[in-house]
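*Asks:* Next comes the sequence, and after it the predicted model I'd like to discuss.
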Amino acid sequence: MVAIVWFRNDLRLADHLALDATIKTGNPVLPLFIYDKNHPRLLGEASKWWLHHSLTSLKNNLNKLEADLILRQGNAFKVLKDIATKIPISHIFWHRRYGQEGIQQDIEIKSHFKELGVICHSFNGSLLFEPYTIKNKEGKPFKVFSAFWRHCLGQNSPGRPIPAPDRLIFDPQFKGISDTQESLGLLPHPNWAKGLEDSWEPGEENAQKTLEIFLADHLKNYKKNRDYPVMKTSRLSPYIRWGEISVRQLWHATNQSGIFDGHDADSECFLSELGWREFAHHTLFHNPDLAQEPLRKDFKKFPWEQDQKLFDAWTKGLTGYPIVDAGMRELWTTGYMHNRVRMITASFLIKHLLQPWQKGEQWFWDTLVDADVASNPFNWQWVAGCGADAAPYFRIFNPTLQGEKFDPKGEYIKHWVPELRDFPNEFIHTPWLYKGRPSSYPSPLVNHQKAREKALRAFKEM
């Protein structure tokens with residue numbers, strides 16, 4: 001009999017509860033990854049690139065244990081049933097998902113295989129706390145982050161991470177049912193991903209290296225520096241998204257005691273960012289249409305202005321506002337954008353250009369290597385003012401003032417907007433005021449003050 005460990009968004013060997021349970025059965029272990037091209041939300045192009053290299057890393061790590069990763073594509077339920085016709089299965093273990101489609105599929109799989117006498121069990125491998133365990137005094141989900149996080153911190157500390165296995169029973173005959181990695185079609189043709197290749201090294205070992213560098217060099221002053229795009233922060237988000245490192249590992253590495261005592265403002269700030277991610281996933285659990293429907297239902301009436309030319313200019317970093325353009329070009333080149341700049345660029349699209357937040361969310365979904373099914377729409381709704389604990393709609397970022405405050409010397413702008421590299425610093429955030437402005441850099445798409453007034457009128461109309 002064979003025990004399957006079904007890898008999903010947890011492409012690691014350390015602190016992998018499902019893998020640990022599979023090994024403990026004593027049966028040969030079949031490590032399985034299923035790529036479903038017909039999933040309701042297909043991966044974005046940048047995510048596909050990361051997934052390809054993350055799977056390569058996981059295969060290499062399994063090879064060191066004299067095992068291999070079996071790759072299949074198609075509907076996961078059908079794939080598992082097909083494998084069961086070829087191999088006698090005793091157990092199937094995996095880590096839970098919290099989107100409605102994933103939950104429903106897991107229920108169907110458990111029900112089907114239980115009737116066949118196969119033991120199925122899922123584990124929490126991606127969150128600190130299960131969404132159904134965190135409720136307010138009325139037994140309902142929290143809608144305000146501060147109260148949510150205080151409640152979480154009052155729970156038992158997340159369990160200690162478990163080490164990666166040093167051995168694994170594997171039958172080489174399993175390879176006969178595997179698809180090739182190339183057949184998954186994850187890499188772009190032609191290859192446009194050089195910027196991603198120059199910026200990132202996916203995989204579990206690189207996740208650990210990134211964490212070690214962060215703790216040694218960048219955790220100190222994190223609370224202050226995290227708002228400045230030229231300062232190094234953790235850069236852990238894609239590794240977290242793909243489960244190449246677990247949140248339990250991050251929790252205990254950052255907070256060695258395992259008990260949240262708030263003695264270190266920088267550690268406290270970083271852990272609260274993990275809490276914000278947690279809040280996003282808990283919100284998705286209770287609101288499965290998070291990527292399409294505003295949590296504030298009155299926003300369904302918002303008078304968006306569908307303008308493809310404005311949207312395209314935003315995607316290309318040609319808005320005429322340097323901090324916005326720098327962020328959009330960083331995103332296009334590296335598959336990443338600094339968090340402060342994400343807020344600025346999202347706010348600009350929504351409140352200056354009056355384009356639907358869903359369009360911006362979809363663009364980020366396609367271009368971010370850390371595009372996450374919960375965090376991506378959750379954060380877009382927060383900026384739009386229609387999400388959980390959202391910034392009020394009338395709080396509209398002034399992109400010029402944001403640039404002056406968080407990129408005062410224009411270092412970030414000059415790196416990503418080469419047209420402005422030789423520009424006088426006093427005009428780097430307001431190039432339209434400088435008579436010698438290069439013709440290659442566009443004038444502002446909109447006037448900030450007029451756009452702000454228009455957005456506020458639209459809000460009142462809603």
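*Replies:* All right, it came through fine. Computed from a prediction, not measured in an experiment: that's the story for all the values here.
*Asks:* Number of residues surrounding residue 268?
*Replies:* 17 (other C-beta atoms under 10 Å). Where C-beta positions appear, they are placed from N, C-alpha and C, glycine not excepted.
*Asks:* Mind listing what's buried along the longest helix belonging to the chain?
*Replies:* In the chain, assigned by DSSP state H, the helix with the most residues is helix 265-286. Within helix 265-286, the residues that count as buried by 16 or more other C-beta atoms under 10 Å are 266-268, 270-286.
*Asks:* quick one, what contacts residue 132?
*Replies:* residue 285 (C-beta atoms under 8 Å, 6 or more residues apart in numbering).
*Asks:* Could you do the one 10 residues further on as well?
*Replies:* With contacts taken as C-beta under 8 Å, 6+ apart, residue 142 has the following neighbours: 134, 135, 136, 148, 151, 279, 282.
*Asks:* secondary structure element for it?
*Replies:* Using DSSP states H and E, residue 142 sits in no helix or strand.
*Asks:* What backbone torsions are found at it?
*Replies:* Main-chain torsions, residue 142, degrees, to the nearest 10: phi -70, psi 150.
*Asks:* For residue 72, see how far away it is.
*Replies:* Per C-beta to C-beta, to the nearest Å, residue 142 is found 38 Å from residue 72.
*Asks:* still on that earlier bit, the helix or strand following the longest helix of the chain: which residues count as buried?
*Replies:* On the C-terminal side of helix 265-286, the nearest following helix or strand under DSSP H and E is helix 308-315. For helix 308-315, burial by neighbour count (16+ other C-beta under 10 Å) applies to 310, 311, 313, 314, 315.
*Asks:* so the first one sits right up against residue 451, yeah?
*Replies:* So the one you mean is residue 310. No - Residue 310 is beyond contact range of residue 451, at 10.8 Å (criterion: C-beta atoms under 8 Å).
*Asks:* who touches the helix or strand containing residue 456?
*Replies:* Using DSSP H and E, residue 456 sits in helix 448-461. For helix 448-461, the external contacting residues (C-beta under 8 Å, 6+ apart) are 302, 303, 351, 352, 353, 354, 393, 394, 396, 398, 399, 400.
*Asks:* who touches both of residue 310 and residue 451?
*Replies:* With C-beta under 8 Å, 6+ apart, residue 310 and residue 451 have common neighbours residue 353.
*Asks:* What lies in contact with stretch 38-51?
*Replies:* Counting by C-beta under 8 Å, 6+ apart, 35, 74-75, 101, 186-188, 193, 196, 200, 202, 238, 242, 291, 335, 365-369, 371, 373 sit against stretch 38-51.
*Asks:* can I have that stretch written out in CSV, keeping just the CAs?
*Replies:* The C-alpha coordinates for stretch 38-51 follow below in CSV (Å, rounded to 0.1, in the frame of the first residue of the first chain):
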residue,chain,number,x,y,z
ASN,A,38,-9.0,24.6,-15.4
HIS,A,39,-9.0,26.0,-11.9
PRO,A,40,-11.5,28.8,-11.5
ARG,A,41,-8.6,31.2,-10.9
LEU,A,42,-5.7,30.4,-13.2
LEU,A,43,-2.3,31.4,-12.1
GLY,A,44,-0.8,34.6,-13.4
GLU,A,45,2.2,34.5,-15.7
ALA,A,46,4.7,35.6,-13.0
SER,A,47,3.3,33.0,-10.6
LYS,A,48,3.7,30.3,-13.3
TRP,A,49,7.4,31.2,-13.6
TRP,A,50,7.9,31.0,-9.9
LEU,A,51,6.0,27.7,-9.6
